[in-house]
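Colleague: build me a model from this:
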Amino acid sequence: MTAVLEARGISRKFGHVQALDSADFDVFPGEVVALIGDNGAGKSTLVKAITGNLEIDAGEVLFDGNPVTIATPQDASELGIEVVHQDLALAPHLGPAQNMYLGREIMRPGLLGKLGFMDTGRMRRGAADAFRDLGSAVRSVVTPVGEMSGGQKQSVAIARSVAWADRVLFLDEPTAALGVVQTQNVLDMIRRVRDKGLGVVLISHSMPEVLDVADRVQVLRLGHRVATYQAKETTIEELVGAMTGALDRREDVA
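Modeller: Take a look at the predicted model:
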C-alpha cells in the first residue's frame with residue numbers, strides 16, 4: 001500500500017539550531033500513527049512543515065506517492081489534510097455548528113444567499129450528524145463553545161476537522177488536560193475516524209494512550225526519525241528508550 005502522506009529527508013534550521021535533520025515520516029490510509037518524542041525532538045516542527053505552516057530547507061513531501069508542494073495550510077486543506085491544534089482554535093462565543101462551518105458557511109439558495117443569509121438549519125443538521133457519527137459527547141449545536149467542558153470542546157474541534165478532512169487528520173495532544181472519561185471518548189473518536197479510512201496522526205506524550213489507540217509509533221529524537229514500531233509489538237520502556245537515546249538505533253524500523 002502506498003502512503004497517503006510521506007515526508008522524506010525534511011530539514012529545517014532556526015538560526016544555528018537544527019530543528020529537523022533529514023526527518024522522515026509516513027502515514028497510510030485507515031491507520032493511526034503516533035508521533036512521539038521528548039520536548040524539542042521536532043514533532044511540532046515536522047507537523048508544521050508537512051501541513052504548510054512552515055517552509056522547509058530540504059527534503060520532499062509526497063501525497064499518494066507523488067511529490068507535492070504544500071506551501072500553505074490552504075494547500076493542505078485542498079488535499080484533504082486537516083490539523084487539530086492543541087489550542088483548538090475555536091471561537092468561544094459561537095456554538096458548535098457555527099464553529100464547524102466557520103469560514104465555510106453554507107448560504108441559503110437564491111437571492112437570500114446572495115444577500116448574505118446563511119442556511120442555519122442545514123449547518124446545524126450537518127453538525128449534529130457529524131457529532132453523532134463520531135459518538136461525540138456534544139449534545140447541543142447552539143450552546144456557546146466557551147460554556148462547554150474540555151472534552152466537548154475537543155469533540156467540536158475534531159468533528160470540524162473530520163468534516164473537511166477526507167485523507168489525513170493530525171491531532172496535537174488531543175487529550176491534554178482531560179479527565180479519564182473525556183480522554184476515553186476522544187480515543188474512541190480517533191478510532192472512528194480511522195475506521196472511516198483516514199490516516200490519523202496522533203502527537204502525544206502519553207505512552208499508555210499511544211499504545212492503546214495507535215497502529216504504529218514513529219519516534220523522533222534530535223529532529224530525526226530514529227525508530228518505527230508496531231504498537232502491538234512494543235512496550236512503554238522500549239518507546240522511552242528510543243526517545244531518550246538509551247536504545248540508540250537510528251532508523252530501526254520494526
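Colleague: is it true that residue 226 lies in a strand?
Modeller: Yes - under DSSP: H, G, I helix; E, B strand; the rest coil, residue 226 falls within a strand.
Colleague: tell me if I'm right that it and residue 242 touch.
Modeller: Yes - with contact defined as CB atoms under 8 Å, residue 226 reaches residue 242; the gap is 5.8 Å. In short, each C-beta sits where N, CA and C put it, glycine included.
Colleague: please say which of the two ends up with more neighbours.
Modeller: residue 242 (26 against 21; other CB atoms under 10 Å).
Colleague: assign the more buried one to helix, strand or coil.
Modeller: Going by three-state DSSP: residue 242 is helix.
Colleague: list the contacts of it.
Modeller: By CB atoms under 8 Å, 6 or more residues apart in numbering, the contact set of residue 242 is 219, 221, 226, 227, 229, 249.
Colleague: got these as CSV, with pLDDT and distance to residue 84 columns?
Modeller: Supplementary listing: these in CSV, determined by pLDDT from 0 to 100; distance: CB to CB, whole Å:
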residue, pLDDT, distance to residue 84
219, 97, 22
221, 95, 24
226, 95, 26
227, 95, 25
229, 97, 24
249, 53, 31
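Colleague: show me which pair in these is furthest apart.
Modeller: Largest separation among the contacts of residue 242 by CB to CB: 221 and 229, giving 13.6 Å.
Colleague: just to revisit the earlier point, what's the PyMOL line that selects buried ones from the contacts of residue 242?
Modeller: Buried residues among those (16 or more other CB atoms under 10 Å), as a PyMOL selection:
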select buried, resi 219+221+226+227+229
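Colleague: which of the contacts of residue 242 sits closest to residue 135?
Modeller: residue 229 (28.0 Å).
Colleague: hang on, the closest one is in a strand, isn't it?
Modeller: Yes - according to three-state DSSP, residue 229 belongs to a strand.
Colleague: let me see the contact set for it.
Modeller: Shown in contact with residue 229 (CB under 8 Å, 6+ apart): 216, 217, 219, 238, 239, 242, 254.
Colleague: confirm the second one sits in a helix?
Modeller: What it means is residue 217. No - read with three-state DSSP, residue 217 is strand and lies in no helix.
Colleague: nearest spatial neighbour of residue 198, skipping sequence neighbours?
Modeller: Excluding its sequence neighbours, the residue lying closest to residue 198 (CB to CB, 6 or more residues apart in numbering) is residue 169, at 5.4 Å.
Colleague: that neighbour and residue 222, how far apart?
Modeller: 27 Å (CB to CB, to the nearest Å).
Colleague: so which of these two has more stuff around it?
Modeller: Taking other CB under 10 Å, residue 169 and residue 222 do not tie; residue 169 has more neighbours (26 against 17).
Colleague: tell me the bridge partners for the more buried one.
Modeller: residue 82, residue 200 (DSSP bridges).
Colleague: and if you look at residue 10?
Modeller: residue 23.
Colleague: list the contacts for it?
Modeller: Neighbouring residues of residue 10 by CB under 8 Å, 6+ apart: 20, 22, 23, 24, 25, 46, 49, 50, 56, 58, 59, 61.
Colleague: got a quick ChimeraX command for the buried subset of those?
Modeller: A single ChimeraX command is used to select the members of these judged buried by 16+ other CB under 10 Å:
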select :20,23,24,25,46,49,50,56,59,61
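Colleague: which one of the contacts of residue 10 is nearest to residue 69?
Modeller: Set against residue 69, the nearest of the contacts of residue 10 by CB to CB is residue 61 (7.6 Å).
Colleague: quickly find the element holding the closest one.
Modeller: If you go by DSSP states H and E, residue 61 is part of strand 58-63.
Colleague: where does the most centrally placed residue in the chain land on pLDDT?
Modeller: In the chain, the residue lying closest to the centroid (CA atoms, centre = their mean) is residue 170, at 1.2 Å. The confidence metric pLDDT takes the value 95 at residue 170.
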